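Asks: Sequence and predicted structure, then a few things I'm wondering about:
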Amino acid sequence: MSIVKLARPEIQTMKPYEAAIQIDDTVRLNANESPEISPIGNFRRPLNRYPEVRPRGLQSKLADRFGCAPQQLLVTRGSSEAIDLLIRTFCAAGQDNIVTPTPSFSMYWHYARIQAATVIEVPTFAENDFAIDIDAVLAACKPSSKLVFVCSPNNPTGTPLSKDDIIRLLEGRDGKSAVVVDEAYVEFGSEGSVIDLVDHFPNLLVLRTLSKALGFAGARCGAVAGPEGVIRLLNAVQSPYALATPVVECVEDALAAEQLALAEKAVEKIVSERERIMSAIESYAFVSKVWPSQANFFLARFRDADGVMQHCAKNNVLLRHFGGALSDCIRITVGSASDNDCLLRALDTLTES
């Protein structure tokens, strides 16, 4: 059953912004653009012209990389914009809610608050390695639950969700909720993407990003994949000219075969470093737990997390400390071998002090 009907009624009837047409090798006097080309930047497309309203070439390249049809994908300013678009499209302010396990990526809460949508949290537990309980997620859903967000591998716990569990969630919310699987860190794990399920489950939406595995966080480029009808709705909501020309061109270059091969090798190095650094940190007496991870980071419990944070900062090493249920935990991103050695040297001096 299509989930288009779950979108806000006013969104269902929206039409995308109609920009001035763009045709190569024509005299363009239809978009109020400057005729002067800026000398700044060496780009294939002149910056005095607007970019495409939607970068079709990039859309096709990303669809090919992620494994879906171009019409099933919308290019976004990082996957964070996709989260915003989804909540604004499906959740009526003050009426609807999203459901998500906790702890998880804080931007689900952030954009829900902006839209005045309620967040239903489904706790996961440290003693169970923060595994997501699908039955608990389904039980938490209400008739007004328009979106279910699951991050796999999850941020900040590194916990993956199996494809079988995602299928159970999709089947359990068929026709009732869109299930959004955030795969920002999928390249670092063993479960693989579920984007191949898009053709089989009309309530599945998948978030992808170039920030992590491709190392393009500064480009702010991601994508949301899903049923063609839902992508059309999101296209109508997204601002025109969302992707700047320099971003489009640098991402196109990053998707060249030789660059993707380099990115794969970089992921392999990070995974290898992840295992090395996790093993080393487990050996410290002031570390009580290191959880398994399939991301480019891992979560560890310290006997004095505040003290470790302060000590590492003094040694020019920045880590991430969360509050609440994770107040004694620190998330550690896997850096280069030299970065990771700096962290270990800092922790070594902590043991000596």
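Replies: That came in fine, so what should we check first? Numbering: from 1, shown residues only.
Asks: by contact count, what packs against the helix or strand where L62 lies?
Replies: Assigned by DSSP states H and E, L62 belongs to helix 56-66. Helix 56-66 is packed against strand 73-76, strand 204-209, strand 222-225, helix 245-254, with contacts defined by 3 or more CB pairs under 8 Å, 6 or more residues apart in numbering; DSSP states H and E. No exception for glycine: its C-beta is placed from N, CA and C like everyone else's.
Asks: hey, where'd the helices end up in the stretch 51-200 of the chain?
Replies: 56-66, 78-90, 107-114, 134-140, 163-172 (DSSP state H, counting those that start in this stretch).
Asks: Of all the ones you listed, which one comes closest to W291?
Replies: helix 163-172 (18.2 Å; CB to CB).
Asks: Which of the helices of the stretch 51-200 of the chain has the highest mean neighbour count?
Replies: Highest mean neighbour count of the helices of the stretch 51-200 of the chain: helix 78-90, a mean of 24 (counted as mean count of other CB atoms under 10 Å).
Asks: quick one: M309 and F105, what's the gap?
Replies: 21 Å (CB to CB, to the nearest Å).
Asks: still on that earlier bit, looking at the helices of the stretch 51-200 of the chain, which is nearest to P9?
Replies: helix 78-90 (11.3 Å).
Asks: relative to strand 204-209, how tilted is that closest one?
Replies: Angle, helix 78-90 to strand 204-209, by axes from the mean of the first three to the mean of the last three CA atoms, to 10 degrees: 150 degrees.
Asks: what inclination does helix 78-90 have with respect to helix 107-114?
Replies: 40 degrees.
Asks: and helix 78-90, what other elements does it pack with?
Replies: For helix 78-90, the packing partners by 3+ CB pairs under 8 Å, 6+ apart are helix 9-12, strand 73-76, helix 107-114, strand 145-151, strand 178-182, strand 204-209, strand 222-225, helix 228-237.
Asks: where does S279 land in three-state SS?
Replies: helix (DSSP: H, G, I helix; E, B strand; the rest coil).
Asks: Neighbours of it, how many?
Replies: 10 (other CB atoms under 10 Å).
Asks: could you measure it against P153, distance?
Replies: With CB to CB as the criterion, S279 and P153 are 19 Å apart.
Asks: Kindly report the domain assignment for the protein.
Replies: 4-255, 259-352 (automatic domain parsing).
Asks: Mean pLDDT for those - can I get that in TSV?
Replies: Shown next, in TSV, are the domains of the chain (pLDDT from 0 to 100):
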stretch	mean pLDDT
domain 4-255	93
domain 259-352	94
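Asks: any idea which of those domains is most buried?
Replies: Comparing the domains of the chain by mean neighbour count (mean count of other CB under 10 Å), domain 4-255 ranks first with a mean of 18.
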